[in-house]
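Novice: I would like the atomic coordinates for the input below:
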Amino acid sequence: MIAVLSVVGLSSCASSPDASSDQASKPSETTAEVVRKDLAQFTDLDGNLELADSRSLVAAATGTIVSLPAEGSTVQRGDTVYLISDEAAASEVAKADADVAASESQLAKSQSDLAKATRGADPGDRASAQAALVSAQRKLDDLLEPPTRAELAAVESKVAAARKALDDLEAGATPADRAAVAQQVAQASATLVSAENADVTTWTTLLVAHADYCDLDTVPVDLCGAAALPWTRFQLDQLNHEIGAALDAGDPDAVVAVTQKLIAAQTASSNAVAAKHSAEAALASAQASEQNKLAPASATSLTKARADLASAEAALDELRAGATPRAVDDARASVDAARAKLGDVLDGATAEERAAAAAAVRSTTASVDLARVQYADLLDSATAPALFYGTEPQVRDIGLGDVGNDVAQVQANLMALGFGDGVSVTSTFDVATQAAVRAWQASRLLRVTGEVRARDIVVMPGPIQIESWANGVEPGGELAVAGPTDLATVTPISAVPAGTPRPDAALSTTQRVIAQLPLEDRAKVEEGATVTVELPDDSSVSATVSVIGSVPVEDKESGDRWVEVTLVPAVAVSEIWIGASVTVKVVDELAAQVLVVPVSSLVSLVEGGYAVYVVDGSTSKLVGVETGMYADGFVEVSGAGLDAGQSVAVPR
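Specialist: Residues are numbered from 1 along each chain as shown. Okay, here's the model as predicted:
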């Protein structure tokens with residue numbers, strides 16, 4: 001027979017010499033699966049999540065600022081970056097914009113009305129009208145029928161309950177109520193006294209057991225310093241994890257006995273403290289209940305109770321009296337209106353109604369066309385560029401026959417925005433490109449010319465975030481300086497790849513992690529390596545080391561020396577973490593695809609080494625294991641009869 005020292009209970013268990021016989025019971029209450037996975041130990045680096053360098057948004061326009069995106073907002077491909085009117089008053093442009101929106105809304109309504117008049121009522125309209133008639137008829141029937149005995153009983157019950165609630169408040173607590181709450185307080189007080197006595201007793205026992213433990217020649221874990229008690233959960237786990245290896249330095253029997261006594265005393269003391277806190281809470285609750293029940297009812301409570309009773313009695317009187325003539329007349333009118341509406345739906349629109357609907361569509365269509373022309377005339381003297389994605393700014397006006405990479409850039413953006421019918425990225429402004437530009441201009445309510453002016457677009461690497469507008473740049477303000485003017489500071493939040501523009505090019509994040517790499521750890525990181533970045537919410541994302549600084553930086557206060565490391569996340573993370581501190585985890589050592597179990601499932605053997613309880617249904621067996629790497633609460637294990645998918649016992 002060999003002694004087994006459990007990680008949790010440190011209890012002895014019988015086992016066969018090969019440490020793998022069936023056990024009658026397990027020293028734990030839960031199980032964990034044996035899994036095969038990578039296990040790694042890391043060096044943690046401090047870092048910050050940032051966006052790529054900000055840049056200036058420049059405009060070469062003068063006039064009145066009509067509209068700007070809000071600071072902090074994101075501008076996407078095709079969105080208007082700003083609107084500056086250099087001739088028309090800002091109020092005129094804003095009014096023309098509102099007129100277009102209103103006329104388009106009215107056109108949509110008149111088109112819907114015409115469609116309904118032409119096709120007749122759909123099943124949904126008929127069902128809605130029929131349901132409205134049924135509901136109106138049911139309400140009228142309910143008013144005409146006298147209340148049933150069950151309805152009267154229900155309202156009478158509410159009256160009785162309200163009257164009893166008021167009587168109880170006015171009468172106050174009865175002698176029986178006072179005796180009951182007093183007994184509850186007395187019982188809670190007695191329980192607290194008992195819990196306090198148990199706390200003192202178990203604490204004294206813990207002090208004695210701790211002194212005996214610290215008197216050992218060699219202790220498994222040094223927990224004998226000043227103010228060592230009570231232990232934290234971490235300290236108790238530390239003892240459980242290390243005690244097996246430490247037994248070799250002392251008398252095993254004495255260490256087992258003393259340690260068992262100490263852990264039992266610690267557990268009893270912790271339970272006693274918890275019981276005392278529970279008893280204190282129970283006494284406070286009983287005292288609060290006593291105070292509430294014995295205190296006289298407040299004026300507010302009495303007022304509310306009287307109002308509840310009056311309301312219940314009024315409802316009963318109304319039910320007994322039946323419906324008023326006015327209510328019956330209103331209900332009959334509702335039935336008539338619902339019946340007429342159903343008839344209209346079933347009959348469909350008349351020829352006159354269909355003609356009127358068609359005329360309304362023609363009228364509103366003309367209004368929309370006029371509003372768009374007026375708006376385009378105003379915008380022709382304004383600057384309202386759309387955001388295009390690309391790598392080079394638009395510095396010239398381009399039209400039919402022009403050639404260049406800026407043409408290819410415009411072609412790719414038109415295709416991405418859905419105006420690419422017949423367009424290819426050829427770098428030549430051809431007829432198909434001209435048609436696409438005309439369609440794009442019409443969609444933006446611009447004058448349709450088929451040419452792209454430099455002031456019509458702003459080119460950025462990708463979507464931009466408006467960080468801040470320059471001083472004085474606000475709607476209603478004036479830009480009076482001729483030539484390029486810095487309007488805002490913006491930050492690209494993603495970017496198109498370099499090279500030939502493509503409409504389907506995937507955007508890469510411009511997020512960066514800047515971390516400090518101590519010089520002593522320099523050899524652990526290489527450019528191009530993949531690492532893990534842990535975010536403040538404990539989620540993680542992989543990142544690639546893009547740049548490692550070559551010039552060390554020294555902290556004058558601590559003397560620490562480090563180099564700056566720039567990492568690029570594989571995918572963009574939520575914008576809420578921009579500017580947050582993150583942890584970069586660099587692999588120190590990797591055990592690839594090994595069997596792992598929770599560290600707390602290990603059982604220390606008195607003769608040395610470790611085992612785990614392999615659970616199979618209601619039985620278990622002790623299997624000896626060799627341990628390897630420890631990381632993240634798991635340990636690498638190997639042993640005969642141990643494989644992935646099995647279950648091992650784990651203490652709670």
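
Novice: distance between the longest helix that the chain contains and the chain's centre?
Specialist: Counting residues, the longest helix found in the chain (DSSP state H) is helix 252-294. From the chain centre to the centre of helix 252-294 is a distance of 38 Å (Cα atoms, centre = their mean, to the nearest Å).

Novice: right, and the helix or strand after it?
Specialist: Going down the chain from helix 252-294, the next helix or strand is helix 299-321, by DSSP states H and E.

Novice: D79: how many residues sit nearby?
Specialist: Look at D79: counted by other Cβ atoms under 10 Å, it has 15 neighbours. Using the backbone N, CA and C atoms, a C-beta is placed for each residue, glycine as well.

Novice: how close does it sit to F388?
Specialist: Note on D79: its distance to F388, by Cβ to Cβ, to the nearest Å, is 10 Å.

Novice: and D167, by the same measure?
Specialist: 78 Å.

Novice: neighbour count winner among these two?
Specialist: Taking D167 and F388 together and counting by other Cβ under 10 Å, F388 has the greater number of neighbours (24 against 11).

Novice: tell me the secondary structure for the residue nearest to that one when sequence neighbours are not counted?
Specialist: Sequence neighbours aside, N413 is the residue nearest to F388 in space, at 4.3 Å (criterion: Cβ to Cβ, 6 or more residues apart in numbering). Following DSSP: H, G, I helix; E, B strand; the rest coil, N413 is assigned to helix.

Novice: would you confirm that N413 contacts G390?
Specialist: Yes - the criterion here is Cβ atoms under 8 Å, and N413 meets it with G390 at 7.2 Å.

Novice: name the residue in the two with the higher neighbour count.
Specialist: Neighbours per residue (other Cβ under 10 Å) separate N413 from G390, with N413 holding more: 25 against 21.

Novice: for that one, give its distance to S443.
Specialist: 13 Å.

Novice: now K139
Specialist: When K139 is compared with S443 (using Cβ to Cβ), they lie 50 Å apart.

Novice: quick one on the thing from earlier: residues in contact with the residue nearest to F388?
Specialist: Counting by Cβ atoms under 8 Å, 6 or more residues apart in numbering, N413 touches 77-78, 388-390, 457, 501, 503.

Novice: just give the nearest non-adjacent residue to R444, would you?
Specialist: Distances taken as Cβ to Cβ, 6+ apart put A386 closest to R444, at 6.8 Å, once the chain neighbours are dropped.

Novice: what secondary structure does A572 sit in?
Specialist: At A572 the chain is in coil, as set by three-state DSSP.

Novice: for it, the count of nearby residues, please.
Specialist: A572 has 14 neighbouring residues, counting by other Cβ under 10 Å.

Novice: again with I263
Specialist: I263 has 20 neighbours, counted by other Cβ under 10 Å.

Novice: now do G124
Specialist: G124 has 8 neighbours, counted by other Cβ under 10 Å.

Novice: what secondary structure does it sit in?
Specialist: Per three-state DSSP, G124 ends up helix.

Novice: local confidence estimate at it?
Specialist: Per-residue pLDDT puts G124 at 75.

Novice: what's the answer for Q76, then?
Specialist: We have a pLDDT of 94 for Q76.

Novice: pretty sure it is touching P463, no?
Specialist: Yes - using Cβ under 8 Å, Q76 makes contact with P463 at a distance of 5.1 Å.

Novice: overlap in contacts of those two?
Specialist: Residues touching both Q76 and P463 (Cβ under 8 Å, 6+ apart): L387.

Novice: and these two? Which one has more around it.
Specialist: Per other Cβ under 10 Å, whichever of Q76 and P463 has more neighbours is P463, with 20 against 10.

Novice: helices along the stretch 351-500 of the chain, start to end?
Specialist: Counting by DSSP state H, counting those that start in this stretch, the stretch 351-500 of the chain has helices at residues 351-379, 405-416, 431-443.

Novice: tabulate these (TSV), appending mean pLDDT.
Specialist: TSV is the format used below for the helices of the stretch 351-500 of the chain (pLDDT from 0 to 100):
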stretch	mean pLDDT
helix 351-379	70
helix 405-416	95
helix 431-443	93
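
Novice: could you identify which of these is most buried?
Specialist: Highest mean neighbour count of the helices of the stretch 351-500 of the chain: helix 405-416, a mean of 23 (counted as mean count of other Cβ atoms under 10 Å).

Novice: just give me how far that helix sits from the chain centre.
Specialist: Relative to the mean C-alpha coordinate of its chain, helix 405-416 is positioned 37 Å out (Cα atoms, centre = their mean).

Novice: run the angle between it and helix 431-443 for me.
Specialist: Angle of helix 405-416 versus helix 431-443, following axes from the mean of the first three to the mean of the last three Cα atoms, to 10 degrees, is 60 degrees.

Novice: format the CA atom coordinates belonging to helix 405-416 as PDB.
Specialist: Output of helix 405-416 as PDB, limited to C-alpha atoms (Å, rounded to 0.1, in the frame of the first residue of the first chain):
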ATOM      1  CA  ASN A 405      -3.400  56.300 -62.600                       C
ATOM      2  CA  ASP A 406      -5.800  58.900 -61.300                       C
ATOM      3  CA  VAL A 407      -8.200  57.800 -64.000                       C
ATOM      4  CA  ALA A 408      -7.800  54.200 -62.900                       C
ATOM      5  CA  GLN A 409      -8.400  55.300 -59.300                       C
ATOM      6  CA  VAL A 410     -11.700  57.000 -60.300                       C
ATOM      7  CA  GLN A 411     -12.700  53.900 -62.300                       C
ATOM      8  CA  ALA A 412     -12.100  51.600 -59.400                       C
ATOM      9  CA  ASN A 413     -14.200  53.800 -57.000                       C
ATOM     10  CA  LEU A 414     -17.100  54.200 -59.500                       C
ATOM     11  CA  MET A 415     -17.200  50.400 -59.800                       C
ATOM     12  CA  ALA A 416     -17.100  49.900 -56.000                       C
END
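
Novice: which pLDDT value belongs to the spatially closest residue to G399 that is not a sequence neighbour?
Specialist: Leaving out its chain neighbours, the residue that sits closest to G399 by Cβ to Cβ, 6+ apart is E451, at 3.8 Å. Note on E451: pLDDT of 93.

Novice: next one: E451 from V395, what distance?
Specialist: According to Cβ to Cβ, E451 stands 15 Å off from V395.

Novice: which one's more surrounded, those two?
Specialist: Shown here are E451 and V395; by other Cβ under 10 Å, E451 has more neighbours (16 against 8).

Novice: separation between the more buried one and S85?
Specialist: Going from E451 to S85 by Cβ to Cβ gives 21 Å.

Novice: try G450
Specialist: In this view, G450 and S85 are 23 Å apart by Cβ to Cβ.

Novice: for the two, indicate the residue with more neighbours.
Specialist: S85 (23 against 17).

Novice: just to revisit the earlier point, hang on, the residue nearest to G399 packs against V437?
Specialist: Yes - using Cβ under 8 Å, E451 is in contact with V437, at 6.9 Å.

Novice: for V258, see how far away the nearest residue to C224 once chain neighbours are set aside is.
Specialist: If the residues on either side of it in the chain are set aside, C224 comes closest to C214, at 3.8 Å by Cβ to Cβ, 6+ apart. In this structure, C214 and V258 are 10 Å apart, going by Cβ to Cβ.

Novice: neighbour count: the two, which is higher?
Specialist: V258 (19 against 15).

Novice: L602 versus the more buried one, what's the distance?
Specialist: To L602, V258 is 21 Å away according to Cβ to Cβ.

Novice: which parts of the stretch 551-652 of the chain are helices?
Specialist: Here the stretch 551-652 of the chain has no helices by DSSP H, counting those that start in this stretch.

Novice: can you pull out the low-pLDDT segments for it?
Specialist: Across the stretch 551-652 of the chain, the ranges flagged by pLDDT under 70 are 652.
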